[in-house]
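S.K.: Please find the sequence and the predicted model below.
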Amino acid sequence: MMDMRDAVHQAAGLMAAAARTAPKAGGKDHLEIVVVTDAADLARIATAMRTYAPQSTNEAFWRRDAANIEQAQALLLVGLKTSAAAGYDCGACGFETCSAFAKGRTMTDKAMGYSGPHCVMRMMDIGVALSSAAKTAGLLSIDNRVQQRVGAAARALGYIDAGVAMGIPVGVYGKSIFYDRSAPKAH
């Protein structure tokens, strides 16, 4: 007999494949993609989110998202592993050229946040990969939602080697836990 978690774990693997094969600027892949399936790891990430919540101006939303992660059956993480400029000289980063960006930017790193600044084209790579993964989950009728805070927490805990990371918690429920959510009150 197949457990619903098995179906979710297989779907998360297919979502990772969709993220990996998603189009990327210049055809260069700088993404780190991780699937977390262990319930203890999901609980650890949720606990870190709850612990951090009071330090945020969005405490209720950290707690709300932590509750989702605690109930999720798997988690897909998509992040930017290396911060190479795409070479388009688009100017969206605030510099005239990619070379000037690479030489002139001052990298910072926020705990329970991200490093940066990064090339806008590479940020779009993450978005396209997340969209491809979420589309795959939808085609497979797997409940899911793209979330930012879980990516920051997973990054801080070392689950993904990336300067920027987002997550897609997934599961199978009679009613999706990822929508029509309420934000719990601060404690």
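M.R.: Perfect, I can see it now. Numbering: from 1, shown residues only.
S.K.: can you give me the strands in the chain?
M.R.: For the chain, the strands defined by DSSP state E cover 31-36, 74-80, 108-109, 115-116, 143-144, 164-171.
S.K.: Switch those strands over to a markdown table; also include distance to residue 125, mean pLDDT and mean neighbour count.
M.R.: In this view, the C-beta of every residue, glycine as well, is placed from N, C-alpha and C. Conversion of the strands of the chain to a markdown table gives the following (distance: least, C-beta to C-beta, whole Å; pLDDT from 0 to 100; neighbours: other C-beta atoms under 10 Å):
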| stretch | distance to residue 125 | mean pLDDT | mean neighbour count |
| --- | --- | --- | --- |
| strand 31-36 | 6 | 98 | 20 |
| strand 74-80 | 7 | 98 | 26 |
| strand 108-109 | 20 | 96 | 10 |
| strand 115-116 | 15 | 96 | 16 |
| strand 143-144 | 20 | 98 | 23 |
| strand 164-171 | 10 | 98 | 26 |
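S.K.: which stretch among the ones you listed comes nearest residue 10?
M.R.: Nearest to residue 10, of all the strands of the chain, is strand 74-80, at 9.5 Å by C-beta to C-beta.
S.K.: if we can go back for a sec, as a markdown table, the strands of the chain with distance to residue 57 would be great.
M.R.: Shown next, in a markdown table, are the strands of the chain (distance: least, C-beta to C-beta, whole Å):
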| stretch | distance to residue 57 |
| --- | --- |
| strand 31-36 | 27 |
| strand 74-80 | 23 |
| strand 108-109 | 18 |
| strand 115-116 | 19 |
| strand 143-144 | 27 |
| strand 164-171 | 20 |
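S.K.: how about those, which one is nearest residue 132?
M.R.: strand 74-80 (9.4 Å).
S.K.: and the closest one with strand 31-36, angle?
M.R.: 160 degrees (axes from the mean of the first three to the mean of the last three C-alpha atoms, to 10 degrees).
S.K.: and strand 74-80, which strands flank it?
M.R.: Applying DSSP bridges, strand 74-80 is found paired with strand 31-36 (antiparallel), strand 164-171 (antiparallel).
S.K.: In TSV, list these along with distance to residue 111.
M.R.: As requested, those are exported to TSV (distance: least, C-beta to C-beta, whole Å):
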stretch	distance to residue 111
strand 31-36	19
strand 164-171	14
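S.K.: out of the strands of the chain, nearest to residue 13?
M.R.: Closest among the strands of the chain, using C-beta to C-beta: strand 31-36, at 6.2 Å.
S.K.: Looking at the strands paired with strand 74-80, which is nearest to residue 85?
M.R.: Of all those, it is strand 164-171 that lies closest to residue 85, at 14.5 Å by C-beta to C-beta.
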